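# Build me a structure from this.
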Amino acid sequence: MTQPDLPDSKHPTAAPSGVASSDTAASRSSDSTGGTEQGRSDQGGQAGPSAQRAALAQGVKRLGESLSGAFGKVSNAVFKRTARQGAGGRAAGFAGSAGGQSSGEGLRRVGRGLLRCAPWMLGVTAVAAAIGLLVAHPPAHEVPRGEVSVRQNLLTGSVVEARSGTLLVVPGLHTVRDLPLRDRSYQPTRFARADGEAPLQSLEGLSLGLDLTVRWALDSSRMAALASSLPDDIEGEVIAPALQGIVYRQIATHTVREIFSTQRGPIQQALEAELRSKLAADGIVLRSVQIGNVDLPQDYRTGLETLLSEGLASEKMRYTLELQEKKVRQTELEAAADKVRRETAAEAAAREQVIAARGQEEAMKHVLPFKQRQVEQRQLEAEADRVSRIRMAEGAAQARSIEADGEAKAREKLADAEAYRQTRIGKVAVEQMAAEGALLSRHPLLIQKAMADKLSDKVQVIIAPPPSDGGFIGKTLLGSRETGQNAAAGASADGAQTAAARTQQEQE
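Numbers count the residues shown, from 1 in each chain. Sure, this is the predicted structure:
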């Protein structure tokens, strides 16, 4: 018969390894959760206390779930192995004759397996209980808003201050106290009313109530020392006794009238100065002391109000009479001022007229010579205008005479130049004609050539009888040499006569 494997025979470390792996996973989950919570707590004011608490609870919950899963896996493994052993025992019982003994042996084996797993189950149960305790009472302290948390280590005595975020507090190792950072207001009620528990007594022995408001704060530079020295009820055990000892003594030195109206400010200043110095020794900074309502007995209050009303009425009458006297005085002063103003205005008007007459007289003294100078100036201007016109006319006549003389001389010069030019042209023409006549006399054929050149573009055919002496064919048309010479001489004489006639005409 084959024996089933027991957890402690062949695999003694199977169950511990499973539990160890579960514990490792749980520790990793716890580390990751702790890291997450540490990162969130480092953010300070970014996440509120409720968000940090929820994150811590969520991390612990995940750790419990992982441990519960590990515990379930171990339990399932034990029960499965036990069931396999029981099934093997039952099969062996059916095969052999000792079936009852085999089933009993299987049950004993199941019991031994459970006993072997009992320490692990107890450990897992203890871990789960610790996790539940952490969830119910987390080891973290959230710093309230507007306060400072002071954590003191009971072993080393070190002190840590935190103004925001979360502090790790280990029970039995750390103590934490929250102290206010903001200003607080304290209003005592024992002596607030005249018929109260402990009313104040004035100088006359009259009971009265006083409504006081004390505004205080803790010294932020001494928070570590104040956390261990101050009681839990700061207002009831520190501020209230100090205030009662001072206020009873101060009020007992003043009358009700002074407390109610005339000396309220000095009383408040005296209370504030004395209480500030007394609370400073305990690390409390006094901001201000305000005196509110003064509660008096009803009969005294009525009489005091009547007295105050009569005093106010008398003061009002006195001020009214003074006002009327001032109005009468004001009327007199206004009448005198009006009289002086009218007299001054009349004197000013008379002086103004006198000054105007004198000014007009002085102005006439200056105006007459000015008018005379204006007349003389106009005469001089007319004479100057006449002289300037005469001079302008003379200048214009001289200019026209000069222009005429210049024009005559210019024409004379032009005529001389033209006569000289004509004379010169005539001489040149005579000399040219003489030269041409001499040339023609020496070369008579030039006449025929010139005529042929001039007629060549107009006459194409010339019909003329041939000369008898066999000379040039145009001889009969132009004449003989003697005829040409005579014609040249005649032309020269005509040209000279024409030039002489032109010169004479120009001279005339």
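
# in the stretch 401-508 of the chain, which spans are helices?
All helices of the stretch 401-508 of the chain, identified by DSSP state H, counting those that start in this stretch, fall at 445-455, 475-478, 481-507.

# cool, and the chain?
Per DSSP state H, the chain carries helices over the ranges 14-42, 49-95, 99-136, 223-229, 234, 240-251, 256-257, 264-280, 298-442, 445-455, 475-478, 481-507.

# Let me see the domain layout of the protein.
Per the record, the chain has its domains at 14-138, 183-296, 422-507, by automatic domain parsing.

# In terms of mean pLDDT, which of those ranks lowest?
Ranked by mean pLDDT, the domains of the chain end with domain 14-138 at the bottom, a mean of 54.

# for Ser164, phi and psi?
phi -160, psi 160 (degrees, to the nearest 10).

# Wait, it touches Glu142, no?
No. With contact defined as C-beta atoms under 8 Å, Ser164 does not reach Glu142; the gap is 9.5 Å. Backbone N, C-alpha and C define where each C-beta goes, glycine included.

# higher neighbour count, these two?
Glu142 (20 against 17; other C-beta atoms under 10 Å).

# so the more buried one bridges to which residues?
Thr166 (DSSP bridges).

# buried ones in stretch 193-209?
For stretch 193-209, the neighbour count (16 or more other C-beta atoms under 10 Å) marks 193-194, 199-200, 202, 206-209 as buried.

# Those: which two are farthest apart?
For these, the maximum inter-member distance is 14.7 Å, found between Arg193 and Ser202 (C-beta to C-beta).

# measure Val247 to Ala435 for me?
Distance of Val247 to Ala435, computed by C-beta to C-beta, to the nearest Å: 162 Å.

# Have a look at these two and say which one is more surrounded.
Applying other C-beta under 10 Å to Val247 and Ala435 shows that Val247 carries more neighbours, namely 22 against 10.

# which residues sit in contact with Ala192?
Contacts for Ala192 were tallied using C-beta atoms under 8 Å, 6 or more residues apart in numbering; they are 209-212, 295.

# Also Leu168?
Leu168 touches 139-141, 174, counting by C-beta under 8 Å, 6+ apart.

# Which pLDDT value belongs to Leu323?
On the pLDDT scale, Leu323 gets 92.

# Kindly provide the distance from it to Gln330.
Noted for Leu323: a distance of 10 Å to Gln330, by C-beta to C-beta.

# Can you report how many residues lie near Val160?
Val160: 14 neighbours (other C-beta under 10 Å).

# thought it was touching Val176?
No. At 9.4 Å, Val160 does not count as touching Val176 under the criterion of C-beta under 8 Å.

# any residues in contact with both of these two?
Listed as contacting both Val160 and Val176 by C-beta under 8 Å, 6+ apart are 150-151, 167.

# Let me know the closest of those to Leu279.
Closest approach between the shared contacts of Val160 and Val176 and Leu279, by C-beta to C-beta: Val150, at 19.8 Å.

# how much space is there between that closest one and Arg177?
From Val150 to Arg177 the distance is 5 Å (C-beta to C-beta).

# Equivalent analysis for Glu361, please.
For Glu361, the distance to Arg177 - C-beta to C-beta - is 106 Å.

# Please say which of the two ends up with more neighbours.
Arg177 (17 against 9).

# Setting aside sequence neighbours, what's the nearest residue to that one?
Nearest residue to Arg177, sequence neighbours excluded (C-beta to C-beta, 6 or more residues apart in numbering): Ala227, at 4.7 Å.

# Please tell me I have it right and the one you found contacts Gln152.
Yes. Assessed by C-beta under 8 Å, Ala227 is found in contact with Gln152 at 7.1 Å.

# Of these two, which one has the most company?
Using other C-beta under 10 Å as the criterion, Ala227 and Gln152 rank with Ala227 on top: 21 against 17.

# show me what contacts the more buried one?
Per C-beta under 8 Å, 6+ apart, neighbours of Ala227: 150, 152, 159, 177, 179.

# I'd like the distance between the residue nearest to Tyr300 when sequence neighbours are not counted and Val256.
Spatial nearest neighbour of Tyr300, excluding adjacent residues (C-beta to C-beta, 6+ apart): Leu206 at 6.4 Å. In this view, Leu206 and Val256 are 6 Å apart by C-beta to C-beta.

# Please apply the same query to Glu418.
The value you get for Glu418 to Val256, if C-beta to C-beta is used, is 147 Å.

# More neighbours: which of the two?
In this view Glu418 and Val256 are compared by other C-beta under 10 Å, and Val256 has more residues nearby, 20 against 13.

# From Gln201, how far out is the more buried one?
From Val256 over to Gln201 (counting by C-beta to C-beta), the distance is 10 Å.

# if I look at the closest residue to Val285 other than its chain neighbours, how far off is Pro231?
Excluding the flanking residues, the one nearest Val285 by C-beta to C-beta, 6+ apart is Ala217, at 5.0 Å. Using C-beta to C-beta, Ala217 is found at 17 Å from Pro231.

# Distance check, Ser164 against Pro144.
In terms of C-beta to C-beta, Ser164 sits 10 Å off from Pro144.

# okay, now Ile234: neighbour count?
Residues contacting Ile234 under the criterion other C-beta under 10 Å number 20.

# oh, I was asking about Gln372
Count around Gln372 with other C-beta under 10 Å applied: 10.

# Can you check the pLDDT for it?
87.

# List the residues that contact it.
Taking C-beta under 8 Å, 6+ apart as the definition, Gln372 has no contacts.

# Start the count at 14 instead of 1 going forward.
OK, 14 is where the count begins now, so the last one is Gln385.
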